[in-house]
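> any chance you could fold what I've pasted below:
(chains A and B)
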Amino acid sequence: MANRLFKISRAPLWPGISAAMLVAVLIFGTLAAVLWRAKGFSALGPFDLAALRFTLWQALLSALLSVLLAVPVARALARRQFPGRAALLALMGAPFILPVIVAVLGLLAVFGRKGVFSVALGWIGFDPVQIYGLHGVLLAHVFFNLPLAVRLILQGWLSIPSERFRLAASLGFSPRDMRHLLEYPMLRGVLPGVFTVIFIICLTSFTVVLALGGGPKATTVELAIYQAFRFDFDLGRAALLSLMQFGVGAAAALLALWIAVPGGFGAGLDRAVERWDGRGGLAKLMDAGWIIAAAGFLLLPLLMIALRGVPGLALLPASIWAAALRSLWLALVSVALSMGLALALAIAVQNLRRRWARGMVEGLGYLTIAASPLVMGTGLFLMIFPFANPVALALPVTGLVNALMSLPFVLRALVPALNDIESRYGALADSLGLTGWARLRWLYLPRLRRPLGFAAGLSAALSMGDLGVITLFADPGAATLPLQLFRLMAAYQMQAAAGAALLLLALSLALFWIFDRGGRIDADT
Amino acid sequence: MKHILLLAGLTLAAHSAAAQETTPVLTVYAPDYFGSEWGPGPAIESAFEEVCGGCDLQYVTGDVLPRLLLEGTRTSADIAIGLNTDESKKARDSGLFAPHSVDTSALTLPLAWQDDTFLPFNWSYTAFIYDNTKMANPPKSFQELVDMPDDVRLVIQDPRSSISGLALVLWGKSVFGDKAGEAWEKLAPKVVTVTKGWSEAYGMFTDGEADMVLSYTTSPAYHIIAEEDQSKSAALFDEGHYFLVEMAAKLAGTDQPELADQFMEFVLSPKFQNIIPTANWSYPAALPEDQWPEAFSQLNYPQKAIFLDENQAADLRDEAIAEWQTAFSK
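Residues are numbered from 1 along each chain as shown, chains lettered A, B, ... in the order given. Take a look at the predicted model:
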């Protein structure tokens, strides 16, 4: 494909190029605005390098653990059918989208000193678990990111056409053959991207790391940025730290793009995937074990959040419902923006001729989550302030930033899928003269339905839970649900806050489910 | 899409500008907890609008000082509320604020107050809160807290991201002086975790994750008044408690100078001051103790205030945080 002698104009590139430019302005332009205001960088503090070291270390471990654990879980989910599988898949999206403070309290309700896990350990004579420390941070990051990793890897599994499994069965593949000829090539295409996305999310993690890390040993770069901005008002230092974060994120993205080799399984006839492998008793047992363990680990904290939230529901004032509506509306705007941007970017990545150009566009799509929300918010504020009242623009800006923050995940879902489509049907579409918008309408969109639905669900739910750039763009009269939740906590109203958390969880899940379901209508799995 | 949104935003902005011509608008920058519907903001807004004779008080919430510093002289703020002495030096040095003309003799703070720019409206002491049904012998001094067995579980806030966390570090520095590093090292094993902000820490405490939490002497009042729960108490320390005061100030570039002055006067009036205790859960700055809500008078009350003025706080800050951070990183 890359060796084509002449270039066919397959799909319009200009939307992708414009989207890339917009993203670049938003992530680098905002940084430049902060720098310009700071009149240059200022020196790093004595603890900043230690913070960078810890940040890298915990992000590396978190991403590694999430991906390693996700592979067997995704494999088990890919080859087993059981009642409640669809519900489990939808619920598994939830940890990823919770506001961190809610998730942390949910995790503590399970793994904390008074948590159900510790209590259960106590019954059989063990000490309660000590959650605080690096392992606590990793636990939380795996809790957040395992579901994402599972879903993305599962998508890779489902992209192997059923004919390959049929062929493998008729050729009498051993489990080892399955791994080497089908599963490893697929994983090699999918894992680097998944790893990178999780690595970069964990780079900018801050509240979780501090709350579960047990002390200032667990300091991340993002905390240093917060301190520089909030307490020292040292914008130069904030900008430099933010640039460091970018550097690490960009290096990770480059590495991933270099390692990843698309699977290329060729086309199938879209038959329902039927599996002949893994029918032995041991394999079944192992798969069941992985699914039960993952479900327990992910769902128990959610259950605790729900249980603790029920009494608080009655305490919720009317304004919470208004905030919930506002958040829903904001989520829909974010979805529209992020789908538009991501689709344009993904098509550009697929159809750009030069490898470096593809890499640049795709890399840019990763980097939005390496941006410090605080620096981006400040930069946007500085860009908007001379022309308009930033508070009046609070909701559109929040919607845009939320869309940007979900871009990497959406791209992770779309880029491999689009690559698959081109490698299977590209030649056919070329010969039919299916180019430009027609290719989008008749080839891409129908076949992208599943990843698009998943990505839209993710993006909507992420937007629901995000506090984002709120510190500078909060409109007191138009608060979103997570902000109201946070305000309840700040006013001692922990029980009402728990109710609001439950509401948020339910709404996010519902949004995720509707989109994800919509993407799977008529699909067999 | 973006253009439409931008346009919508601009229309909104123009709209609010048009409304300004009819009723004078007083723009008050306030921290989020202050302006939210569960904070004192709304009650103060309506009380002021009753007395100002046809004005509109509007809050802008968020990080007050960073935002003002970003906006500089072009800010539309008339009043900033919620600043404390750990940041007022930076605020004063910015030159953005103007002196007030309020008679401060009404102040009822536990110490003498001289400041012609920043006007206190409420205050509290930092303290460790515990559950008195579970802890029979709380520490009676900071030293005793430090010397407690290591199985006591504390949750504190990070001085690099939280006002109360910074207050703790300055409190310890004032109590232990050159020995502060050693004291933090002894305290560290008892601290199960350090959170970004007050809310996380307090949530962990009420969930039973910790025996004591860094908060304020006024926190038990919330539980007594709003929840009729007498089980939360503040541990009183012999060395004294760190005095934290929240202040309001008028912006020099205000386009509503009379209204801003009127608001500054209003801050010390009984109407404003009576809203404070049960809405901001702090001691009012200009209300005699016999007029406090009953639960506030019943709270155990520190005998000694430790107060660092803004210059002392600014001088000590970096060193104190570094000392704390080094000790806690071991």
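
> count of neighbours near A:Arg450?
Look at A:Arg450: counted by other CB atoms under 10 Å in any protein chain shown, it has 20 neighbours. C-beta coordinates here come from the backbone N, C-alpha and C atoms, glycine included.

> tell me if it really is in a helix.
Yes - assessed by DSSP: H, G, I helix; E, B strand; the rest coil, A:Arg450 belongs to a helix.

> how near is it to chain B?
In this view, A:Arg450 and chain B are 25 Å apart by CB to the nearest CB, to the nearest Å.

> which residues sit in contact with residue 211?
Since no chain was named, I'll use chain A. By CB atoms under 8 Å, 6 or more residues apart in numbering or on different chains, the contact set of A:Ala211 is A:101, A:104, B:193, B:195-196, B:200, B:204.

> chain B, not that one
By CB under 8 Å, 6+ apart, the contact list for B:Asp211 reads B:130-131, B:134-135, B:152-154.

> with secondary structure added, can I get those in a markdown table?
Converted to a markdown table, these look like this (three-state DSSP):
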| residue | secondary structure |
| --- | --- |
| B:Tyr130 | strand |
| B:Asp131 | strand |
| B:Lys134 | coil |
| B:Met135 | coil |
| B:Val152 | coil |
| B:Arg153 | coil |
| B:Leu154 | strand |
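
> of those, closest to B:Phe266?
Within those, the smallest distance to B:Phe266 is 37.1 Å, found for B:Tyr130 (CB to CB).

> what bridges to the closest one?
Under DSSP bridges, the beta-bridge partners of B:Tyr130 are B:Met212, B:Ser233.

> just put the contacts of A:Ala211 in TSV and tack on neighbour count and pLDDT.
Output for the contacts of A:Ala211, formatted as TSV (neighbours: other CB atoms under 10 Å in any protein chain shown; pLDDT from 0 to 100):
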residue	neighbour count	pLDDT
A:Ile101	24	75
A:Val104	26	85
B:Thr193	27	90
B:Thr195	26	91
B:Lys196	23	88
B:Glu200	24	89
B:Met204	23	91
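
> among those residues, which pair sits farthest apart?
A:Ile101 and B:Thr193 (13.3 Å).

> stretch B:92-103 close to chain A?
No - between stretch B:92-103 and chain A, judged by CB under 8 Å from any CB of the partner chain, nothing touches; the nearest distance is 9.2 Å.

> span of that stretch from start to end?
20 Å (CA to CA, to the nearest Å).

> contact partners of it?
In contact with stretch B:92-103 (CB under 8 Å, 6+ apart) are residues B:68-69, B:72-73, B:75, B:80, B:91, B:116-119, B:249-254, B:261, B:264-265, B:267-268, B:310.

> return the set of buried residues in stretch A:493-510.
Across stretch A:493-510, burial judged by 16 or more other CB atoms under 10 Å in any protein chain shown covers A:493-505, A:507-510.

> try stretch A:67-80
Neighbour-count burial for stretch A:67-80 flags A:67, A:69-80 (criterion: 16+ other CB under 10 Å).

> repeat that for stretch A:353-373.
A:358-373.

> and which of those residues is nearest A:Ala288?
When those are ranked by distance to A:Ala288 (CB to CB), A:Ile369 comes first, at 34.2 Å.

> now the closest one. Its backbone dihedrals?
With angles defined as degrees, to the nearest 10, A:Ile369 sits at phi -80, psi -10.

> again with A:Ile153
Per-residue torsions, A:Ile153: phi -70, psi -40 (degrees, to the nearest 10).

> count residues in the vicinity of the closest residue to chain B within the stretch 201-350 of chain A, would you?
Nearest residue of the stretch 201-350 of chain A to chain B: A:Gln227, at 4.1 Å (CB to the nearest CB). As a burial measure, A:Gln227 scores 24 neighbours (other CB under 10 Å).

> pLDDT value on it, please?
The model reports A:Gln227 with a pLDDT of 86.

> now name the helix or strand holding the most centrally placed residue in chain A.
With the centre of chain A defined as its mean C-alpha position, the nearest residue by CA atoms, centre = their mean is A:Phe409, 4.4 Å away. Assigned by DSSP states H and E, A:Phe409 belongs to helix A:394-431.

> so how far is that helix from its chain's centroid?
Put simply, helix A:394-431 sits 13 Å off its chain's centre (CA atoms, centre = their mean, to the nearest Å).

> surely A:Arg439 meets A:Ala429?
Yes - here A:Arg439 reaches A:Ala429: they are 5.9 Å apart, a contact under CB atoms under 8 Å.

> which parts of the stretch 151-300 of chain A sit against chain B?
So far as CB under 8 Å from any CB goes, the stretch 151-300 of chain A lies against chain B at A:206-207, A:210-217, A:223-224, A:226-227, A:229-231, A:233.

> let's see 6 Å
Within the stretch 151-300 of chain A, the residues that sit near chain B (CB under 6 Å from any CB of the partner chain) are A:207, A:210-211, A:214-217, A:226-227, A:230, A:233.

> related to what we said a few turns ago, the helix holding A:Phe409 - contacts with which helices or strands?
Applying 3 or more CB pairs under 6 Å, 6 or more residues apart in numbering or on different chains; DSSP states H and E, one finds that helix A:394-431 makes contact with helix A:184-203, helix A:318-351, helix A:355-367, helix A:449-465.

> nearest to B:Arg317, out of the ones you listed?
B:Arg317 lies closest to helix A:184-203 among these, at 28.0 Å (CB to CB).

> the closest one packs against which elements?
By 3+ CB pairs under 6 Å, 6+ apart, helix A:184-203 packs against helix A:48-79, helix A:134-158, helix A:235-259, helix A:394-431.

> what's the burial count for A:Leu488?
Look at A:Leu488: counted by other CB under 10 Å, it has 27 neighbours.

> give me the element it is part of.
A:Leu488 belongs to helix A:481-490 when elements are defined using DSSP H and E.

> and that helix with helix A:449-465, angle?
Angle of helix A:481-490 versus helix A:449-465, following axes from the mean of the first three to the mean of the last three CA atoms, to 10 degrees, is 30 degrees.

> the residue nearest to the centre of chain A: what's it in contact with?
By CB atoms under 6 Å, 6 or more residues apart in numbering or on different chains, A:Phe409 lies in contact with A:Leu458.

> pull up the gap between it and chain B, please.
20 Å.

> quick one on the thing from earlier: output the helices and strands packed on helix A:184-203 as TSV; include the columns mean pLDDT and distance to A:Leu31.
Below are those laid out as TSV (pLDDT from 0 to 100; distance: least, CB to CB, whole Å):
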stretch	mean pLDDT	distance to A:Leu31
helix A:48-79	92	17
helix A:134-158	89	25
helix A:235-259	85	6
helix A:394-431	84	14
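
> mind showing which ranges of the stretch 351-500 of chain A have poor pLDDT?
Applying pLDDT under 70 to the stretch 351-500 of chain A flags residues A:467-472, A:474, A:476.
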